[in-house]
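Student: Here you go, sequence then predicted model.
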Amino acid sequence: MILKANNIFKSYGKLEILKGVSVSVQKGEIVSIVGASGAGKSTLLHIIGTLDRPDKGSLMIAQQDVFSYKEKQLSDFRNQEIGFIFQFHHLLPEFTALENVCIPGFIAGRPRKEVELAAAELLDILGVSHRAKHKPSAMSGGEQQRVSVARALINNPSLVLADEPSGNLDSENATALHQLFFDLRDQMQQTFIIVTHNEELAHISDRTIQMRDGQIY
């Protein structure tokens, strides 16, 4: 089991967002989290991604009790073990595709040559190697999102978290991105947890988790 969240509670002020959520995910699984806006999906994803801490509950990722870590240790763990893909790719505009992909590897302290070779290989796998020296402004939305997927994978994380990854893409690019997740799972044994409103993606996932009012149904 790659992830086990147990009895997660989270409030902001008097507003209860998560009300005792428990979820587990196996290695190599593609899990979609669905539900109406305000159901708590993104808050749960942020906690699973260690970007936020729960008020109560525990989280194990790759057999590590992540919330027992101090902030620096948690930041290092996040960089090396969790990849993030967002609806808006958040590529840095002043850097090329290759440089954007390399950044998490450099933060992890890996040798420059090793990271650059891995980044070039990922861009090739994702079909955007011809854009390696281009800056984001010279790429289409679909190409930018593929570069952001490569960036999420550069440190070979235990878990890849995606928040509405195809929400900003047209239907053709969205379908291609969804297929990419399954190809990466098959090729690299990656595990994906995806918050989505896309019914097609939810339907083809290995498992769909339905959230409503801060709980799982």
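Tutor: Now that the structure is in, tell me what you want to look at.
Student: In three-state terms, label A39 for me.
Tutor: coil (DSSP: H, G, I helix; E, B strand; the rest coil).
Student: quick one: contacts for it?
Tutor: 211-214 (Cβ atoms under 8 Å, 6 or more residues apart in numbering). C-beta here means a position set from N, CA and C on the backbone, and glycine is covered the same way.
Student: correct me, but T196 touches A174?
Tutor: No. Here T196 does not reach A174: they are 9.8 Å apart, not a contact under Cβ atoms under 8 Å.
Student: Find residues that contact each of those two.
Tutor: S166.
Student: When the two are compared, which one has more neighbours?
Tutor: The neighbour comparison of T196 against A174 (other Cβ atoms under 10 Å) goes to T196, with 23 against 20.
Student: With adjacent residues omitted, what lies nearest to that one?
Tutor: Excluding its sequence neighbours, the residue lying closest to T196 (Cβ to Cβ, 6 or more residues apart in numbering) is S32, at 5.4 Å.
Student: how much space between S158 and V23?
Tutor: Distance, S158 to V23, by Cβ to Cβ, to the nearest Å: 16 Å.
Student: Likewise for P111?
Tutor: Taking Cβ to Cβ, one finds P111 at 36 Å from V23.
Student: With neighbour numbers in mind, choose between the two.
Tutor: Remark: of P111 and V23, V23 carries more neighbours, 19 against 10, as counted by other Cβ under 10 Å.
Student: Confirm that the more buried one lies within a strand, as I assumed.
Tutor: Yes. Counting by three-state DSSP, V23 is part of a strand.
Student: For beta bridges, what are the partners of it?
Tutor: A5 (DSSP bridges).
Student: In contact with it, which residues?
Tutor: 3-5, 44, 209, 216.
Student: can you do 10 Å?
Tutor: V23 makes contact with 3-6, 8, 31, 33, 44, 48, 59, 193, 207, 209, 211, 216 under the criterion Cβ atoms under 10 Å, 6 or more residues apart in numbering.
Student: List the buried residues for the longest helix belonging to the chain?
Tutor: For the chain, the helix that runs over the most residues, judged by DSSP state H, is helix 171-188. Residues of helix 171-188 classed as buried by neighbour count (16 or more other Cβ atoms under 10 Å): 173-175, 177-178, 180-181, 184-185.
Student: Kindly reformat those residues as TSV containing distance to F67.
Tutor: Output for the buried residues of helix 171-188, formatted as TSV (distance: Cβ to Cβ, whole Å):
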residue	distance to F67
N173	36
A174	34
T175	37
L177	31
H178	31
L180	31
F181	27
L184	28
R185	27
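Student: Torsion angles phi and psi at the residue nearest to T196?
Tutor: According to degrees, to the nearest 10, the main-chain angles of S32 amount to phi -100, psi 140.
Student: separation between it and M188?
Tutor: 19 Å.
Student: G105 now?
Tutor: According to Cβ to Cβ, G105 and M188 sit 16 Å apart.
Student: F182 now?
Tutor: 11 Å.
Student: again, but for A108
Tutor: Counting by Cβ to Cβ - A108 and M188 are separated by 18 Å.
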